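[1] just coords:
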């Protein structure tokens, strides 16, 4: 698929796709999930958190279910919202919005949490029972 064709699928320009592919910009989580659903690969594989090229079923984004997973993970790690927000380089208010389901977590923050704590993105999104990423 060309950048122009992929841009059409996502409703963006080929220049935006070029920016995603070359690391100049970050693909929004809803579009990243759409990409993974299109090709059937896991978020962990696409985001280089896992080397396992596992096909998977369709991912659905539910910001309230994600909020609950984030809250439970933070408590399990024995971290305050403020501490986790600092580690993600965001404000505590923004992180609180993710934990309450006010906002859908962004790709960079999700990736940062998963990378730092070896947690599966798909676990946070409620698609996988096992919390940890298998390399």
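    Structure received. Since we're looking at a predicted model, the values are computed, not measured.

[2] contacts, neighbours, all on C-alpha from now
    Fine.

[3] residue ranges with poor pLDDT in this structure?
    Along the chain, the parts satisfying pLDDT under 70 run over 54-55, 128-135.

[4] those helices in the chain, which residues are they?
    For the chain, the helices defined by DSSP state H cover 3-10, 14-21, 29-39, 43-46, 63-76, 81-87, 92-100, 107-117, 121-124.

[5] buried stuff in the longest one?
    Looking back up the chat, that one is helix 63-76. Residues of helix 63-76 classed as buried: 63-71, 73-74 (neighbour count, 16 or more other C-alpha atoms under 10 Å).

[6] repeat for the first one
    For helix 3-10, burial by neighbour count (16+ other C-alpha under 10 Å) applies to 3-4, 7, 10.

[7] Residue 60 and residue 120: what is the separation?
    15 Å (C-alpha to C-alpha, to the nearest Å).

[8] Those two: who's more crowded?
    residue 120 (28 against 13; other C-alpha atoms under 10 Å).
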